[in-house]
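Enquirer: Could you look at this predicted model? Sequence included:
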Amino acid sequence: MHIVFAASECVPYSKTGGLADVVGSLPQALAVLGHDVTVYVPRYRSTKLENPSKAIASITVPFDDRYRFCSILDGGVKSGVQYYFVEYPPYFDRDALYGTALGDYHDNAERFALFCRAVMEASKVLGAPEIFHCHDWQTALIPILLETLYREDPAFTQTRCVFTIHNLGYQGLFPPEVLPLLMLPWDLFSMDKLEFYGKVNFLKGAIDSADYLTTVSRKYAQEIQTTEYGFGLDGVLRARSATLAGILNGVDYSEWNPATDPMIAVNYSAADLTGKPACKRDLLKEFGLAPETQLPVIGIVSRFAGQKGFDLIQYIADRTAREELIVIALGTGDREYEDMFRRLNRQYPQKFAVKIEFNNRMAHKVEAGADIFLMPSRYEPAGLNQLYSLKYGTVPIVRATGGLDDTIEQYDPISGKGTGFKFREYNAEALLDAIKFAIACYRDHPKWQKLMQNGMVQDYSWASAAREYARVYEKAKQGRFAPIVPQP
Ligand code: ADP
């Protein structure tokens with residue numbers, strides 16, 4: 001089957017979060033299954049390409065004020081996947097992907113509308129797919145356009161669209177005036193289409209118009225149909241529940257494996273854990289702490305966003321500092337949480353260390369060097385870091401939500417079963433209890449090693465997720481109202 005991926009980020013070309021990991025791995029896993037896969041992403045300033053050739057010199061994208069002309073760069077075939085890049089420097093040659101510390105770029109609607117149009121026009125020349133697989137609001141216009149302006153385009157009569165929600169919290173909300181600017185019909189501005197409390201909601205339009213919907217874990221697929229997690233779109237999602245699948249993200253173990261990882265101090269594995277203490281010493285040194293310690297190190301690698309549960313950490317930070325532990329945090333994002341970690345570091349320099357940066361190498365070092373990994377998320381569609389942590393023998397403490405709940409099994413010291421520590425209520429006391437329980441368990445070293453190994457032997461590779469996506473594509477080909485039959 002020919003599948004075209006359209007996404008706003010993709011490892012190794014661009015990344016702000018888990019979406020990039022997925023778009024970097026899933027196409028290659030589908031290619032291994034024999035599918036013909038093409039990936040389109042924007043060419044950002046940070047996108048490194050070696051001698052790209054031009055696949056298409058000029059694509060015209062009409063806007064109300066004037067035409068814009070972008071081009072398509074051929075990034076070549078890697079691991080069986082064809083990569084193309086939409087080049088339009090006025091929109092994409094910028095410091096960041098979506099915005100700065102001051103907020104989102106004011107023209108994000110235009111930027112990603114141009115991207116979507118370019119992908120569709122380029123596909124007509126370079127190969128119209130059987131399936132467009134689109135991801136998050138940035139590519140939501142593709143299913144919307146397929147159902148509206150491109151409905152009669154003979155290039156796409158056999159094309160269906162699968163849309164994956166990686167995070168319902170980001171919807172692409174814009175003032176209604178973007179519709180005429182983007183040359184989209186006004187009748188899209190209705191309650192059963194894109195209108196959402198007086199604004200245009202790109203994600204809502206995609207939920208309505210895609211042939212199939214997926215999200216990135218089973219639990220999250222259920223959660224987003226509730227008012228608590230639905231961000232106002234739970235009703236629209238419930239209406240599509242028969243064609244909404246939850247498929248857990250996989251891990252690229254060629255990048256995230258302590259036995260082969262070139263970025264960590266010493267390699268180790270479930271069978272031979274002797275390298276891990278050296279990784280811990282290396283991590284402590286990197287964060288300016290004394291390398292020898294008996295205390296457990298709790299690692300955090302995260303976007304500093306409200307979603308990730310930092311308000312809980314803020315609430316118990318002073319009490320946590322009195323516990324026998326060290327917290328090491330790597331992240332960037334909301335000023336409030338950057339400042340919180342800076343303050344904690346000033347106040348408790350031996351207990352809280354922080355690096356405010358996006359640094360992939362350091363993320364690997366935290367995974368390898370920490371003893372425990374903390375993800376107290378308010379909601380977590382899939383979560384990748386807890387899966388990396390399992391592989392690195394870095395025992396996760398998670399809130400039981402979304403993919404965290406699906407992937408972490410509560411540890412029971414009596415039976416020795418389980419892979420981590422979970423707390424259910426979104427509550428700082430519950431988090432502190434989970435931390436205290438984890439550090440109590442850590443003191444029993446033989447049992448702790450067994451707990452580490454329980455996680456390290458788990459397998460979340462992409463192969464089985466890719467097979468599930470292939471089944472969804474088959475269903476999508478039958479049209480939007482064919483329900484998914486759950487697999488045994
Ligand atoms: P989300 O997509 O919500 O940010 P995920 O857990 O799905 O959360 O994925 C986050 C990805 O981004 C992981 O690969 C993680 O290692 C990476 N990441 C997040 N923050 C940083 C950072 N400051 N430096 C390096 N990598 C980071």
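Expert: The structure has been received and is ready for your questions. Numbers count the residues shown, from 1 in each chain.
Enquirer: what's the nearest residue to the residue most central in space within the chain if we skip its chain neighbours?
Expert: Geometric centre of the chain, nearest residue: residue 18, 2.3 Å, by CA atoms, centre = their mean. Distances taken as CB to CB, 6 or more residues apart in numbering place residue 384 nearest to residue 18, at 4.8 Å, with adjacent residues excluded. In this view, the C-beta of every residue, glycine as well, is placed from N, C-alpha and C.
Enquirer: Next, count neighbours for the one you found.
Expert: Taking other CB atoms under 10 Å as the criterion, the count of residues near residue 384 is 22.
Enquirer: Do a quick rundown of the strands in the stretch 101-250 of the chain.
Expert: Assigned by DSSP state E, counting those that start in this stretch, the strands in the stretch 101-250 of the chain fall at 103-104, 131-135, 160-165, 173-174, 195-196, 199-201, 212-215, 244-246.
Enquirer: Now do the fourth one: distance to the chain's middle.
Expert: Okay, so that is strand 173-174. From the chain centre to the centre of strand 173-174 is a distance of 21 Å (CA atoms, centre = their mean, to the nearest Å).
Enquirer: now for that strand, which elements pack on it?
Expert: With contacts defined as 3 or more CB pairs under 8 Å, 6 or more residues apart in numbering; DSSP states H and E, the secondary structure elements packing on strand 173-174 are strand 199-201.
Enquirer: ok so, going back, contact partners for the residue nearest to the centre of the chain?
Expert: Counting by CB atoms under 8 Å, 6 or more residues apart in numbering, residue 18 makes contact with 166, 216, 249, 381-384.
Enquirer: can you tell me how far the closest residue to residue 124 other than its chain neighbours sits from the ligand?
Expert: If you skip the residues right next to it in sequence, residue 124 has residue 155 as its closest partner in space, 4.5 Å away by CB to CB, 6+ apart. Distance of residue 155 to the ligand, given as CB to the nearest ligand atom, to the nearest Å: 33 Å.
Enquirer: and residue 155, how many neighbours does it have?
Expert: Neighbours around residue 155, by other CB under 10 Å: 14.
Enquirer: so it touches residue 122, yeah?
Expert: No. Proximity of residue 155 to residue 122 does not meet the contact threshold set by CB atoms under 8 Å, at 11.2 Å.
Enquirer: So for residue 481, what's the pLDDT?
Expert: Looking at residue 481, its pLDDT stands at 52.
Enquirer: What distance do you get for the residue nearest to residue 466 when sequence neighbours are not counted to residue 256?
Expert: Of all residues beyond its chain neighbours, the one nearest residue 466 is residue 29 (3.7 Å), with distances taken as CB to CB, 6+ apart. Distance, residue 29 to residue 256, by CB to CB, to the nearest Å: 14 Å.
Enquirer: more neighbours, these two?
Expert: In this comparison of residue 29 against residue 256, neighbours counted by other CB under 10 Å, the higher total goes to residue 29 at 24 against 21.
Enquirer: now the strand or helix carrying that one and strand 131-135, what's the angle there?
Expert: Element membership of residue 29 [criterion: DSSP states H and E] is helix 18-32. Following axes from the mean of the first three to the mean of the last three CA atoms, to 10 degrees, one obtains 160 degrees for the angle between helix 18-32 and strand 131-135.
Enquirer: and the helix or strand just after helix 18-32, what does it pack onto?
Expert: The helix or strand immediately downstream of helix 18-32 is strand 36-42, counting by DSSP H and E. Strand 36-42 makes packing contacts with strand 2-6, helix 18-32, strand 81-87, helix 108-126 when contacts are defined by 3+ CB pairs under 8 Å, 6+ apart.
Enquirer: Put the alpha carbons of strand 36-42 into PDB.
Expert: What follows is strand 36-42, C-alpha atoms only, in PDB (Å, rounded to 0.1, in the frame of the first residue of the first chain):
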ATOM      1  CA  ASP A  36       5.500   2.000   0.100                       C
ATOM      2  CA  VAL A  37       5.900   5.000   2.500                       C
ATOM      3  CA  THR A  38       6.600   8.700   1.800                       C
ATOM      4  CA  VAL A  39       7.100  11.300   4.500                       C
ATOM      5  CA  TYR A  40       6.600  15.000   4.000                       C
ATOM      6  CA  VAL A  41       7.800  17.500   6.600                       C
ATOM      7  CA  PRO A  42       8.600  21.200   6.600                       C
END
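Enquirer: While we're on residue 100, how confident is the model there?
Expert: Note on residue 100: pLDDT of 85.
Enquirer: mind checking how far stretch 312-323 is from the chain centre?
Expert: On the basis of CA atoms, centre = their mean, the separation between the geometric centre of stretch 312-323 and that of its chain is 27 Å.
Enquirer: quick revisit: what's the closest of the strands of the stretch 101-250 of the chain to residue 12?
Expert: With CB to CB as the criterion, residue 12 lies closest to strand 131-135 of these, at 16.9 Å.
Enquirer: Can you pull out the residues in contact with that closest one?
Expert: Contacts with strand 131-135, where a contact means CB under 8 Å, 6+ apart, come from 1-8, 19, 22-23, 119, 123, 140, 142-143, 146, 159-164, 166, 206, 210, 469, 473, 476-477.
Enquirer: contacting residues for the residue of the stretch 151-300 of the chain found nearest the ligand?
Expert: At 6.1 Å from the ligand, residue 167 is the closest residue in the stretch 151-300 of the chain, using CB to the nearest ligand atom. With contacts defined as CB under 8 Å, 6+ apart, the neighbours of residue 167 are 19, 136, 307, 381.
Enquirer: quick one: residue 350 and residue 21, what's the gap?
Expert: Residue 350 is 33 Å from residue 21, where distance means CB to CB.
Enquirer: Comparing the two, which residue is more hemmed in?
Expert: A direct count of neighbours by other CB under 10 Å for residue 350 and residue 21 places residue 21 higher, at 23 against 12.
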